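Q: The following block contains a protein sequence and its predicted model.
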Amino acid sequence: MAFKGPVGQKIVEKLTRALSPVHLEVLNESHMHSVPKNSETHFKVVCVSKEFEGKNLVENHRTVNKLLKEELDSGVHALSLVLRTPAQWEASSAVPASPTCRGGSKHG
């Protein structure tokens, strides 16, 4: 797994505290982008929580974005969210691959 420093740890703590997830992955994907080594700017969050039940995808994204506002305002450039209820996760635990970086010096 990619480097997870203090920002990644804070994301884990906030989501765990607020959403009591049955499954949580916080993947630092910064290494896939044109940023210095050990950066914490690009994350993928896979979160399965009963808190998402009865809400639509936009509401769930807003919930997570609000919880992580401080991180988004202070250096997290990209946040890919895979948010599911336990029933949705049981039906399919497939997580889409992240797209290839299209900016900076990763493409020649």
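A: Cool, the structure landed.
Q: any idea which element residue 46 lies in?
A: Assigning secondary structure by DSSP states H and E places residue 46 in strand 42-48.
Q: Please state the offset of that strand from the chain centre?
A: From the chain centre to the centre of strand 42-48 is a distance of 2 Å (CA atoms, centre = their mean, to the nearest Å).
Q: Not counting its own residues, what contacts that strand?
A: For strand 42-48, contacts defined as CB atoms under 8 Å, 6 or more residues apart in numbering pick out 7-8, 11, 15, 19, 21-30, 32-33, 35, 64, 76-86, 88-89, 95, 98. From N, CA and C alone the C-beta is placed, and that goes for glycine too.
Q: List only buried entries from the residues you listed.
A: 7-8, 11, 15, 19, 21, 24, 26-28, 30, 32-33, 35, 64, 76, 79, 81, 83-85, 89 (16 or more other CB atoms under 10 Å).
Q: Let's see the pLDDT reported for the spatially closest residue to residue 21 that is not a sequence neighbour.
A: Distances taken as CB to CB, 6 or more residues apart in numbering put residue 49 closest to residue 21, at 4.6 Å, once the chain neighbours are dropped. Here, the pLDDT recorded for residue 49 equals 98.
Q: you'd agree residue 49 is up against residue 22?
A: Yes: between residue 49 and residue 22 there is a contact under CB atoms under 8 Å: 6.7 Å.
Q: Between those two, which contacts overlap?
A: In contact with both residue 49 and residue 22: residue 86, using CB under 8 Å, 6+ apart.
Q: returning to that earlier point: so which of the contacts of strand 42-48 belong to helices?
A: Using DSSP state H, the subset of those located in helices is 7-8, 11, 15, 19, 64, 86, 88-89.
Q: got those as CSV, with pLDDT and distance to residue 56 columns?
A: Shown next, in CSV, are these (pLDDT from 0 to 100; distance: CB to CB, whole Å):
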residue, pLDDT, distance to residue 56
7, 94, 28
8, 93, 27
11, 96, 23
15, 97, 19
19, 98, 16
64, 98, 13
86, 98, 17
88, 97, 12
89, 97, 17
